[in-house]
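Engineer: Here is the input, now give the coordinates:
(one chain, ligands or ions: 2)
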Amino acid sequence: MDANTQNNLLLEIQDLTIQYITDAGTVHAVENLNLHLGHGETLGFVGETGAGKTTTALGIMRLIPSPPGVVKSGKIIFEGQNLLEKSEPEMRAIRGGKIAMIFQDPMTSLNPVMTVDKQIAEMIKLHKNVGEAESLKLAGDMLELVGIRRERMHDYPHQFSGGMKQRVVIAIALACDPGLLIADEPTTALDVTIQAQVLELMKKLKQQFDASMILITHDLGIVADICDKVAIMYAGRVVEYADKRALYSNPVHPYTIGLFNSVPDLDDDKEALNVIPGLMPDPMDLPAGCTFHPRCTCAAEQCSKTKPAMIDVGNGHFAACPIRAKALGAA
Ligand SMILES: Nc1ncnc2c1ncn2[C@@H]1O[C@H](COP(=O)(O)OP(=O)(O)OP(=O)(O)O)[C@@H](O)[C@H]1O
Ligand SMILES: [Mg+2]
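Structural biologist: Ligands and ions are numbered 1, 2, ... in the order given. Take a look at the predicted model:
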């Protein structure tokens, strides 16, 4: 990491390992994961289902369900302090106050039997030293900011459409001006036109609130639209990390290249998609060495033996593939 990146650092995850211990075996959900995020940046966190994206996000929030979840090792350094060493009361102040999370399904975050103004006001009262009347006024302001008329503030969640409910969730998340917003597939449950509106709103508010954001998604189109940096996750690890432009113009890891090739190209009239052969490995039984090697067209003998480290292939573009890095003259 260069000095500029180091100075601008908001979050740094080092060697994070999280497992779920179940009767059927140990799920290696996150394995020696490394990641960093600068002030004001939006990081796209991309990977197939089961890659460990939500587990990583819950790890940052210290909300891994336990049992069965266990954070085995690593550091999550936020504003210079390791969150894994914080007490539960300290974490309660950080959650919502400094780091807020938006989940895929708005109904998991909203209380169906409480009016939305009260829900936003509760969050405000929890983190700011204001009374009932002031917190309700601020709640109304937040609703207007996300495009919901003040008159609707005494309504219950079921009186809103899906897109509006997700706007309420965004209002709650931003109510205490958090430095970091983690959005876990925030628009997947919405239909496409509403998705675009909600994403546009998040992009605008992120700038207005001067926050950083981790946007978890399967959708490389959304990443292209919104993110500055991208981390590609495969079987519990980040396998490539770069500026969006560098990643899109020059993907390095064979898995990333496979992901891009599987996006339909409108100008290309080939019928079949270039799907990456094989399946993601069983997280209870990960392959030795590089976990992608059984599916990889570039794999050499070393790939089944040695776990690849992240290699800087130039200008802060990292990839966990010594074979490709060597081909590019970086290792
Ligand atoms: N509570 C749990 N108990 C046992 N295994 C779990 C639990 N939560 C997640 N897992 C497993 O951990 C692995 C990572 O799951 P995670 O939800 O983090 O993936 P994800 O990348 O968010 O996937 P998706 O894109 O489907 O949301 C998966 O194999 C999943 O089945
Ligand atoms: Mg998930």
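Engineer: what's A224 in contact with, if anything?
Structural biologist: 244, 248 (C-beta atoms under 8 Å, 6 or more residues apart in numbering). The way it works is simple: take the backbone N, C-alpha and C, and place the C-beta from them, glycine included.
Engineer: For it, grab phi and psi.
Structural biologist: Per-residue torsions, A224: phi -60, psi -30 (degrees, to the nearest 10).
Engineer: Report the distance from stretch 222-242 to the chain centre.
Structural biologist: In terms of C-alpha atoms, centre = their mean, to the nearest Å, the centre of stretch 222-242 is found 9 Å from the chain centre.
Engineer: Report the buried residues of it.
Structural biologist: Neighbour-count burial for stretch 222-242 flags 222-223, 226-242 (criterion: 16 or more other C-beta atoms under 10 Å).
Engineer: Return the subset of these lying in strands.
Structural biologist: 229-234, 237-242 (DSSP state E).
Engineer: can you pull out the helices in this protein?
Structural biologist: Here the chain has its helices, by DSSP state H, at 3-7, 53-61, 88-94, 106-109, 116-127, 132-145, 162-174, 192-208, 220-226, 244-249, 254-261, 322-327.
Engineer: Reformat the ones in strands among the buried residues of stretch 222-242 as a markdown table; add pLDDT.
Structural biologist: Formatted as a markdown table, those follow (pLDDT from 0 to 100):
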| residue | pLDDT |
| --- | --- |
| K229 | 96 |
| V230 | 97 |
| A231 | 98 |
| I232 | 97 |
| M233 | 97 |
| Y234 | 96 |
| R237 | 96 |
| V238 | 97 |
| V239 | 97 |
| E240 | 97 |
| Y241 | 97 |
| A242 | 96 |
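Engineer: Closest one of those to ligand 1?
Structural biologist: Ranked by distance to ligand 1 (C-beta to the nearest ligand atom), those are led by M233 at 6.8 Å.
Engineer: Which residue comes closest to the residue of the stretch 201-331 of the chain at minimum distance from ligand 1 once chain neighbours are left out?
Structural biologist: Taking C-beta to the nearest ligand atom, ligand 1 has its nearest neighbour within the stretch 201-331 of the chain at P283, 4.0 Å off. Excluding the flanking residues, the one nearest P283 by C-beta to C-beta, 6 or more residues apart in numbering is V27, at 4.8 Å.
Engineer: Can you give me the pLDDT of that neighbour?
Structural biologist: Looking at V27, its pLDDT stands at 98.
Engineer: From C290, how far out is it?
Structural biologist: 19 Å (C-beta to C-beta, to the nearest Å).
Engineer: Which one's more surrounded, the two?
Structural biologist: C290 (28 against 22; other C-beta atoms under 10 Å).
Engineer: Spatially nearest residue to that one, not counting backbone neighbours?
Structural biologist: That would be C303: by C-beta to C-beta, 6+ apart, it lies 4.6 Å from C290.
Engineer: With N315 instead?
Structural biologist: A246 is the one closest to N315 (C-beta to C-beta, 6+ apart), at 6.7 Å.
Engineer: my guess is the one you found meets H317, correct?
Structural biologist: Yes. In this structure, A246 is within contact of H317 by C-beta atoms under 8 Å, at 4.8 Å.
Engineer: Contacts only, for the residue nearest the centre of the chain.
Structural biologist: By C-alpha atoms, centre = their mean, the chain has its centre lying nearest to I216, at 3.5 Å. Contacts for I216 were tallied using C-beta under 8 Å, 6+ apart; they are 45-46, 53-54, 57, 182-185.
Engineer: What is the nearest of those to E31?
Structural biologist: K53 (13.4 Å; C-beta to C-beta).
Engineer: What residues are bridge-paired with the closest residue to the closest one other than its chain neighbours?
Structural biologist: Leaving aside its sequence neighbours, K53 sits nearest to I216 (C-beta to C-beta, 6+ apart; 4.7 Å). Beta-bridge pairing of I216 under DSSP bridges involves F45, D184.
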